[in-house]
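Q: Fold the following, please.
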Amino acid sequence: MVTAIFPAAGQSKRMQSSTNKNFLEIDDQPILIHTLLKFSKSDKIEKLIVAAAVDEVKIVEEMLAEVEGLKPFQIVEGGSERQYSIANALKFLPDNCDVVLVHDAARPLISVETIEEVIAAARIYGCAIAAVPEKNTIKVIDDDGFVVDTPPRATLVSVQTPQGFKRDIIVKAYEQAERDNFLGTDDSSLVERLGYKVKIVKSDYKNIKITTPEDILIAEAFLRSDH
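A: Residues are numbered from 1 along each chain as shown. Predicted structure coming up:
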């Protein structure tokens, strides 16, 4: 059984909005609903867990109550950091769950194909993440702002979500991070530090994370092109 976790408790500071960005609408529907419906289209997914801000749990429950086509879902309290939200959501995994996906609630343009490819890779390799080849030249700089290295672009990827893991691996990684007071930049960073190899699953550039007002326009353009 596969359970998908969606951290949705962020403060959306870069969106320049007083409203949680996951509640903003694209194509006349909240971003969060777009995302959850996409995962609900996969036969591989059996449960959805949304980690919402403490004062928004009821709002999300009411928002999703009337949505048709959603897989069974549960709303849990999120934390002050993305990692804390996911850590709490992991406590609510069904007993028969063997693979866990974590996906940014603000990535509504994910394809079902990528979702299922990440699940398949996670079952084989234990850990798998969606990513795309990096299109930009990346520079490594020192503390004074001077370039110290230019990594070969062919070795770089831009990481997305979903990120998928066998249940025991992701739970172990989160428990160790809590013991070490370690705060990672994504879920795979928590398992990498324990020595696990993470398989890259090639995604597509449409799978953007909606972070700024400009991203809303881009997402709407992608949605129109898909109709």
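Q: May I see the buried residues of the biggest strand by length in the chain?
A: Counting residues, the longest strand in the chain under DSSP state E turns out to be strand 157-166. By 16 or more other C-beta atoms under 10 Å, the buried positions in strand 157-166 come out as 157, 159-166. Where you see a C-beta, it was placed from the backbone N, CA and C, and this is true even at glycine.
Q: Export those to TSV and append columns for pLDDT and distance to residue 128.
A: Below are the buried residues of strand 157-166 laid out as TSV (pLDDT from 0 to 100; distance: C-beta to C-beta, whole Å):
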residue	pLDDT	distance to residue 128
157	98	13
159	98	12
160	98	12
161	98	11
162	98	9
163	98	7
164	98	5
165	98	8
166	98	10
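Q: So of these, which two are at opposite extremes in space?
A: 157 and 166 (21.6 Å; C-beta to C-beta).
Q: List the buried residues of stretch 177-195.
A: 177, 184, 186-191.
Q: er, stretch 194-210 I mean
A: Using 16+ other C-beta under 10 Å as the test for burial, stretch 194-210 gives 196, 198-201, 203, 206-210.
Q: to the chain's geometric centre, what's the distance from that stretch?
A: Stretch 194-210 has its C-alpha centroid displaced from the chain centroid by 10 Å (C-alpha atoms, centre = their mean, to the nearest Å).
Q: which residues of this protein score low on pLDDT?
A: 11-18, 227 (pLDDT under 70).
Q: Spell out for me which residue occupies the centre of it.
A: Nearest to the geometric centre of the chain sits residue 103, at 2.1 Å (C-alpha atoms, centre = their mean).
Q: wait, that residue sits on residue 164?
A: No. In this structure, residue 103 is not within contact of residue 164 by C-beta atoms under 8 Å, at 9.2 Å.
Q: Give me the helices and strands touching the longest strand of the chain, please.
A: strand 99-102, helix 112-125, strand 127-133, helix 187-192 (3 or more C-beta pairs under 8 Å, 6 or more residues apart in numbering; DSSP states H and E).
Q: Using CSV, write out every CA atom in it.
A: The C-alpha trace of strand 157-166 is given here as CSV (Å, rounded to 0.1, in the frame of the first residue of the first chain):
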residue,chain,number,x,y,z
VAL,A,157,19.7,17.7,-11.5
SER,A,158,17.0,20.0,-10.2
VAL,A,159,15.2,18.0,-7.5
GLN,A,160,11.4,18.0,-7.4
THR,A,161,8.8,15.9,-5.7
PRO,A,162,7.3,13.3,-5.2
GLN,A,163,10.1,11.6,-3.3
GLY,A,164,9.3,8.0,-2.5
PHE,A,165,10.7,5.6,0.1
LYS,A,166,10.1,2.2,1.6
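Q: which residues sit in contact with residue 39?
A: 4, 45, 48, 71, 101, 103, 110, 115 (C-beta atoms under 8 Å, 6 or more residues apart in numbering).
Q: ugh, wrong one, I meant residue 198
A: 125, 127-129, 188, 191-192.
Q: Of those, just say which sits nearest to residue 55.
A: residue 188 (30.0 Å).
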